[in-house]
Every structure is written in C-alpha cells, then in structure tokens.
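J.: 3D, please:
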Amino acid sequence: MIEAVIFDMDGLLIDSEPFWKTAEKEVFGALGIEVTEPHTSLTSRMTTREVAEYWFAVKPWNGKSLADVEQEVVDRVGELIDLYGVKMPGVEETLRYIKMLGLKIGLATNSPKSLISRILEKLNISNYFDVVLSADDVDKGKPNPDIYLKTASTLSVDPSRCIVFEDSPSGVSAAVAAGMTVIAVPEESFYRHSGFDMAHIKIKSLHHFCEEHTEILNTGISC
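T.: Now for the predicted structure:
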C-alpha cells in the first residue's frame, strides 16, 4: 500500500531549466567562460556546487571563490523565478488529489535549499508538502539515492511504500535505487531517452496523471 508521494522540483513542478541555463551563461560568461548548449545539458542534473566545480576545472578563474560564484548563479535563478516562474501543467490538480487521499507528500530536489521556499511560494503550493529536502541535506545529490531515502525516513514511511515523480534520468535512477515506485515525466524532447526505461510508468506531463494511473496510489505496483 502506498503511503507517500515524493516529487522532484525543477522541470517537474516549475519549468526552471531555462533559468539555470541563463544564469550559468551570465555568471560564468562574466568570468570569461563560454557556456555552450552541450555543456549546459551535461551540468543540468548537477547540484549548483558541482556545476561551479565543473566550470572551475574547465577554466579556472581568479578573484572569486567557488562559493561566491555558486551564490551568484543561485541569486540570478531566484530573480528569474520571481519574474517568470509558473507551475507546470497538472501540478496543483495532482497535489490536491494526493492530499485528498490522505497520503504524505514530500519534495526531494537537487536545488539549493535557499531556492525551494522561493519557488514553492511563487507557485503557491508550499502548503501541500509535509517534508522538503534539498541536496544540501545529504552528502551526495542525485543520481545517488540518499535524498530519497532521507525523505522517506523523515516522512516515517518505508521506501517501498513511496511513489516518486521525476523528470530526469538521474532522478529516476536515484528513486529506483532507493527501492521506490517511479513515475517518469520527461520533457517532450527527451521522452524516448533510454534513461527513463527503468521507470515503472512514463507520462507526458502531470496533467496526464489521470484515472488510469491513480489506482497505483491505492494499491502500488510491482517493482
């Protein structure tokens, strides 16, 4: 029996990936680094600290610490969220339905903690979540399962009784490794990516999470 549902955030609840790309291009560009699309595709699933470390290894800079540069990226993303952030289709309806069933709801994201409350307030959905954790709360972010295991523990729910909604292959891998049932919600251009093959269910958006899928919230599905 399913007892909890855990959501990723970036790309699933809010279309924030373009904000991260813009912030990286601006901040690292000011340091003389050319941020190209192949690079941003590679860094999109890293934690903010890992992104800063990645670019420092590619082209070291002087005058600013990694922490300072990391914070500049986070601050710029926050500004863009305040200006342009909107809920992805089906977010509120899905959260409302899960809450109506009496299930616990968690959030587990690689984003820094300082952005989470900002995003949830912007989207006006903070009241739905019983537990909110970020990569700051664990030693290793996704694709390691740590954040999902800690979220389940904090919710006092066995991992096998959790469903996870994820939009990235690394997130799917993390949730599967944690022993959870995974519903993948890839963006359209990555829908057929092999990294989603290990998910138990794949849908095109939360808006498509409808009656044909809701039975698993009551019964679970075989892993």
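J.: Quick one: the strands in the protein, in order.
T.: Counting by DSSP state E, the chain has these strands, from start to end: 4-7, 104-109, 131-134, 162-166, 181-184, 201-202.
J.: residues in contact with the longest one?
T.: Translated: strand 104-109. 3-10, 95, 98-99, 116, 120, 128-135, 147-148, 150-152, 154-155, 157, 162, 164 (CB atoms under 8 Å, 6 or more residues apart in numbering). Backbone N, C-alpha and C define where each C-beta goes, glycine included.
J.: Walk me through which strands it pairs with, and which way each runs.
T.: Paired with strand 104-109 in the same sheet, following DSSP bridges, are strand 4-7 (parallel), strand 131-134 (parallel).
J.: Check the fifth one too.
T.: Its sheet considered, strand 181-184 pairs with strand 162-166 (parallel), strand 201-202 (parallel) by DSSP bridges.
J.: picking that back up, out of the strands paired with strand 104-109, which is closest to Gly179?
T.: strand 4-7 (12.3 Å; CB to CB).
J.: Now do that closest one: distance to the chain's middle.
T.: 12 Å (CA atoms, centre = their mean, to the nearest Å).
J.: By mean pLDDT, which helix or strand of this protein comes out lowest?
T.: helix 211-219 (a mean of 61; mean pLDDT, DSSP states H and E).
J.: Tell me which residues touch the closest residue to Lys202 other than its chain neighbours, please.
T.: Leaving aside its chain neighbours, Lys202 sits nearest to Ala184 (4.5 Å; criterion: CB to CB, 6 or more residues apart in numbering). Counting by CB under 8 Å, 6+ apart, Ala184 touches 166-167, 172, 196, 199, 201-203.
J.: how near is Ala184 to Tyr128?
T.: Applying CB to CB, to the nearest Å, the value for Ala184 to Tyr128 is 21 Å.
J.: Tell me how this structure divides into domains.
T.: Listed by automatic domain parsing, the domain ranges of the chain are 4-15+87-219, 17-84.
J.: Chain neighbours aside, what residue packs nearest to Leu123?
T.: Lys87 (5.0 Å).
J.: And the helices in this protein, which stretches?
T.: Here the chain has its helices, by DSSP state H, at 17-29, 37-43, 48-58, 66-84, 91-100, 113-123, 146-155, 169-177, 211-219.
J.: which one of these is the most hemmed in?
T.: helix 169-177 (a mean of 24; mean count of other CB atoms under 10 Å).
J.: That one - contacts with which helices or strands?
T.: helix 146-155, strand 162-166, strand 181-184 (3 or more CB pairs under 8 Å, 6 or more residues apart in numbering; DSSP states H and E).
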